[in-house]
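Asks: model the structure of this input:
(chains A and B)
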Protein chains: 2
Amino acid sequence: MTQDILARIAAVVGPQGLLTGASEMAPYLEEQRGLFHGKALAVVRPGSTEEVAAVVRLCAEQGIGIVPQGGNTGLCGGASPDTTGSEIILNVSRMNKIRAIDPVNFTMTVEAGVILQTVQDTASDADCLYPLSFGAEGSAQIGGTIATNAGGAGVLRYGNARDLVMGLEVVLPDGRIWDGLRTLRKDNTGYDLKHLFIGSEGSLGIITAAVLKLFPKPTDIQTAFCALGSLDAALALLSRARAATGDSVTTFELIPRIGLEIAVKHVHGVTDPLAERHDWYVLMELSSSRADANLQESLETLLGDAMEEGEVVDAVIASSSERQQALWRIREGIPEAQKREGGSIKHDVSVPISAVPEFIRQASLAVEAAIPGIRPVPFGHVGDGNIHFNLSQPIGADKQAYIGEWARMNRIVHDIVVGIQGSISAEHGIGQLKKNELAHYKAPLELDLMKRIKAAFDPRGLMNPGKIV
Amino acid sequence: MTQDILARIAAVVGPQGLLTGASEMAPYLEEQRGLFHGKALAVVRPGSTEEVAAVVRLCAEQGIGIVPQGGNTGLCGGASPDTTGSEIILNVSRMNKIRAIDPVNFTMTVEAGVILQTVQDTASDADCLYPLSFGAEGSAQIGGTIATNAGGAGVLRYGNARDLVMGLEVVLPDGRIWDGLRTLRKDNTGYDLKHLFIGSEGSLGIITAAVLKLFPKPTDIQTAFCALGSLDAALALLSRARAATGDSVTTFELIPRIGLEIAVKHVHGVTDPLAERHDWYVLMELSSSRADANLQESLETLLGDAMEEGEVVDAVIASSSERQQALWRIREGIPEAQKREGGSIKHDVSVPISAVPEFIRQASLAVEAAIPGIRPVPFGHVGDGNIHFNLSQPIGADKQAYIGEWARMNRIVHDIVVGIQGSISAEHGIGQLKKNELAHYKAPLELDLMKRIKAAFDPRGLMNPGKIV
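Replies: Residues are numbered from 1 along each chain as shown, chains lettered A, B, ... in the order given. Now for the predicted structure:
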């Protein structure tokens, strides 16, 4: 039976599209944090939408669960199979063509397996910008960024992956192909199917291609590293910067002193750009495509005004793209530095922007009370209210014992988040990692509506089984 | 039975919340184009979300259809009941409170019955911008703008109503209340329910409140009226303007010569601002909150460059806000002027921006071949690919006979639109007006998915019956 179905899949995708050996499947089964260890019947790598549809039809016929997978860079186990070995991984990496680019319409049509960085580079070559950007952009694939509604550092100005998608092509759980590859800015003809698939983590269908929204390419980019007068001053500075620059703030990242210190300590080439020690910093980037943008002057003026008001106490503006990269390395070095500091219990949460300082204070006190010596390293996208509230272990503690506290710390932090109307998963999604947390925190009415949608689209539950709902 | 249910509804909403007399119901039954003439059992005007929920539960119990209604400014009959007199209109006008405004989070929480212009004014008082804007903004209500995913003149920069909603409160068809009033920029915890309700025209539930996204208030606004070298030049000018101004183009409206001429002829105070006659014009507005935006210089430079390239052959920049309003009156006067020119057969369509000129050429030739002497007046949001392709009757033709050609002209135009991957309803929605067109043009697979969603949310079909699907 198993051999029969594998033979039929091989007939669809060809020998290069079907992997069944343990060692050749291994890279698709491992995920980067090592939290999930699934097994699979096979890894299937179709070369076209029609092949995806044919494989899905075969699986539907045989009742085989399908785990859609792109670059496998997700952080919640959404692309990992269960441990039964009865599911297949459907990996879209071979579908990596740029189908079209239209700079006049500011759109690009790409297959799901195109790597995010390739999309960025292709847009750039056409004098456009595709603004989605995050750490794993060199290996994350565009289909996965859409299926998980990825965020990153440009959300403040350009929105999440959701906001950058104009159309989709999706293979449905019964193997039909939905051609929703619209390149339209406006289309009010019934329910918005596109937004249902975006962020559904492959549980309603397999995204095989997308139309992406492009923007004019920025020509003036200014980056500053600012020491704040206080944590609360981050909010005043953000409002000031948005207004003063005509909404040209594309990055606004919070960094705590400890984040800077461990990045300096562990990450090659990272230095503290300011003379004095400060508790809180913001990495701010402005960008504009305007020929006469003159953002440096704008930035100097707004930082001068912010200093007069005490919002900023010291700052440096990068004088070259090398200096800009050096400032970015501080922010980007924090996750790596935290690994080097031992165990790290992570939270990817969001709250209303205006509640960020209060959240950080409350949550820090709560975890410090629970585990004396614990070291909160809250950093990230304060401009979106999205804080990576990551907790480094107490110095000298046992790493495994500390990691064993993961669920207890999650509950403490998530209780506070939910208490101030926040989200327990801001940009990383649910997958397997947060499924129980979702069931605990999500309103029963919302879970009910989600289950009805799942049942309407995938009544047999074969599409990414066991994820989300 | 009827008296019994009306008494029970009155007990919920109070005497001022229930209208049953023919004359008091009349304003809620009429719609502005006079295309639909429905009857209703009653007009119910609840004063709170709880009252809406109680009324919906009563209707669910009795199997009574509900037509949700706001300012009743829709153009497709979506807020009109059928002719049986067995449905109720549930009008949200009395729910008109601004619940909260948070300028730091750039959000405002409002009830569904707040008038759009009140939302704009409230944002402005807090030094913010709520960018949704269209002709009926003085009477359209925010709930309706969301239920229909309204568009308008600011979509190019800020998006449709959909893009401006962060959270919703919705009464479901069974009377449960979904509290989705999130004020979060990022929330990846399962399927996006919000986007399902937006644009569903009240067929999945009744929107009772929303969290809206605000922006910094523009301080520098520049308006130009440009005569184009050709229709195609509109695209080059748009790309040039977006890039040159750092994406500060907030309006980019196409106006044909005939549109200008009839506005000058019929609308008080409208004059031709340019010395010579030209075939095509663009009304362009730039805006920025940046203190040192200096958009006038930017506009002068880009128009100078566009003239050198022949994209623009003449232009005037408004030197005062009075002159800006005078330029806007040209654009806004076109619908009124078309009424005065006799019968007008309307199309609210969109195509990829890059296909706008080709669409206008093809569609104009086709309708001129079908009805000699017909006068196409294609105008509107070329920056979104959204053209109001409205057809004035031949001079001297019989108006009723001409209007009788509505369906035939629709088919000709919509065939061309669909042939170039466009949408037959860009911003006005489906309602009753385009339901048959939708059934004709929409892919069976999409109709199937839409029906599954409808069945999952409203299995008994009581929520805005007979609309969309």
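
Asks: for chain B, see how far away A:L302 is.
Replies: A:L302 sits 9 Å away from chain B, going by C-beta to the nearest C-beta, to the nearest Å. Quick note: C-beta positions are derived from backbone N, CA and C, even for glycine.

Asks: that residue in helix, strand or coil?
Replies: Counting by DSSP: H, G, I helix; E, B strand; the rest coil, the backbone at A:L302 sits in helix.

Asks: can you pull the contacts of it?
Replies: A:240-241, A:244-245 (C-beta atoms under 8 Å, 6 or more residues apart in numbering or on different chains).

Asks: do A:L164 as well
Replies: A:130-132, A:158, A:212-213.

Asks: ignoring the adjacent residues along the chain, who's closest to A:L58?
Replies: Take A:L58 and drop its neighbours on the chain: the residue closest to it by C-beta to C-beta, 6 or more residues apart in numbering or on different chains is A:R8, 5.6 Å away.

Asks: which strand or helix spans the closest residue to chain B within the stretch 51-200 of chain A?
Replies: Residue nearest to chain B within the stretch 51-200 of chain A: A:H195 (3.4 Å; C-beta to the nearest C-beta). Using DSSP states H and E, A:H195 sits in helix A:193-197.

Asks: ok, stretch A:415-422 near chain B or not?
Replies: Yes. Counting by C-beta under 8 Å from any C-beta of the partner chain, chain B has neighbours in stretch A:415-422: A:421-422.

Asks: list the buried ones in that stretch?
Replies: Residues A:416-418, A:421-422 are the ones in stretch A:415-422 that count as buried (16 or more other C-beta atoms under 10 Å in any protein chain shown).

Asks: as a markdown table, these with distance to B:C59, secondary structure and pLDDT would be great.
Replies: Putting the buried residues of stretch A:415-422 into a markdown table (distance: C-beta to C-beta, whole Å; DSSP: H, G, I helix; E, B strand; the rest coil; pLDDT from 0 to 100) gives the following:
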| residue | distance to B:C59 | secondary structure | pLDDT |
| --- | --- | --- | --- |
| A:I416 | 40 | helix | 98 |
| A:V417 | 37 | helix | 97 |
| A:V418 | 33 | helix | 95 |
| A:Q421 | 31 | coil | 92 |
| A:G422 | 35 | coil | 96 |
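
Asks: which one among those gets closest to A:A153?
Replies: Lowest distance from A:A153 to the buried residues of stretch A:415-422 (C-beta to C-beta) belongs to A:G422, with 19.8 Å.

Asks: picking that back up, contacts for the helix holding A:H195?
Replies: A:146-147, A:162, A:165, A:167-168, A:170, A:178, A:180, A:204-205, A:207, A:453, A:457, B:191-192, B:195-196, B:446, B:449-450.

Asks: switch to 7 Å and redo it
Replies: With contacts defined as C-beta atoms under 7 Å, 6 or more residues apart in numbering or on different chains, helix A:193-197 is touched by A:162, A:165, A:167-168, A:170, A:180, A:204-205, A:207, A:453, B:191-192, B:195-196, B:446, B:449.

Asks: ok, how many other residues are close to the residue nearest to A:L58?
Replies: Residues lying near A:R8 (other C-beta atoms under 10 Å in any protein chain shown) number 14.

Asks: helix or strand: which one has it?
Replies: In the assignment (DSSP H and E), A:R8 maps to helix A:2-13.

Asks: tell me which helix or strand comes right after that helix.
Replies: Downstream of helix A:2-13, the next assigned helix or strand under DSSP H and E is strand A:18-19.

Asks: picking up where we left off before, pull the most distant pair out of the contacts of A:L164.
Replies: Once C-beta to C-beta is applied, the contacts of A:L164 give A:Y158 and A:L212 as the farthest pair, at 11.4 Å.

Asks: what about the two, which has more around it?
Replies: A:L212 (27 against 18).

Asks: name the nearest residue to that one, ignoring sequence neighbours.
Replies: Excluding the flanking residues, the one nearest A:L212 by C-beta to C-beta, 6+ apart is A:M108, at 4.9 Å.

Asks: how about the residues of the stretch 101-250 of chain A by chain B?
Replies: Taking C-beta under 7 Å from any C-beta of the partner chain as the contact definition, the stretch 101-250 of chain A meets chain B at A:102, A:104-105, A:148-149, A:151, A:155, A:160, A:163, A:176, A:178, A:182-193, A:195-196, A:198-200, A:215-216, A:235, A:239, A:242-248.

Asks: any idea how far the residue of the stretch 51-200 of chain A closest to chain B lies from A:H381?
Replies: 22 Å (C-beta to C-beta, to the nearest Å).

Asks: for A:S289, same thing?
Replies: Counting by C-beta to C-beta, the separation of A:S289 from A:H381 is 22 Å.

Asks: number of nearby residues for A:Q432?
Replies: Counted with other C-beta under 10 Å, the neighbours of A:Q432 add up to 19.

Asks: neighbours of A:I221, how many?
Replies: With other C-beta under 10 Å as criterion, A:I221 counts 17.

Asks: which SS class is it?
Replies: strand.

Asks: who does it form a beta bridge with?
Replies: Per DSSP bridges, the residues bridged to A:I221 are A:S287.

Asks: you'd agree it is up against A:S288?
Replies: No. Using C-beta atoms under 7 Å, A:I221 is not in contact with A:S288; the gap is 8.2 Å.

Asks: need the contact list for the closest residue to A:Q141 other than its chain neighbours.
Replies: Excluding the flanking residues, the one nearest A:Q141 by C-beta to C-beta, 6+ apart is A:G70, at 3.4 Å. For A:G70, the contact set (C-beta under 7 Å, 6+ apart) comprises A:92, A:112-113, A:140-141, A:143-144.

Asks: and these as CSV, adding pLDDT, neighbour count and secondary structure?
Replies: What follows is the contacts of A:G70, written out as CSV (pLDDT from 0 to 100; neighbours: other C-beta atoms under 10 Å in any protein chain shown; DSSP: H, G, I helix; E, B strand; the rest coil):
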residue, pLDDT, neighbour count, secondary structure
A:V92, 98, 29, coil
A:A112, 98, 29, coil
A:G113, 98, 25, coil
A:A140, 97, 23, coil
A:Q141, 98, 29, strand
A:G143, 98, 29, helix
A:G144, 97, 28, helix
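
Asks: show me where the stretch 351-469 of chain A has its strands.
Replies: For the stretch 351-469 of chain A, applying DSSP state E, counting those that start in this stretch gives strands covering A:375-381, A:386-392.
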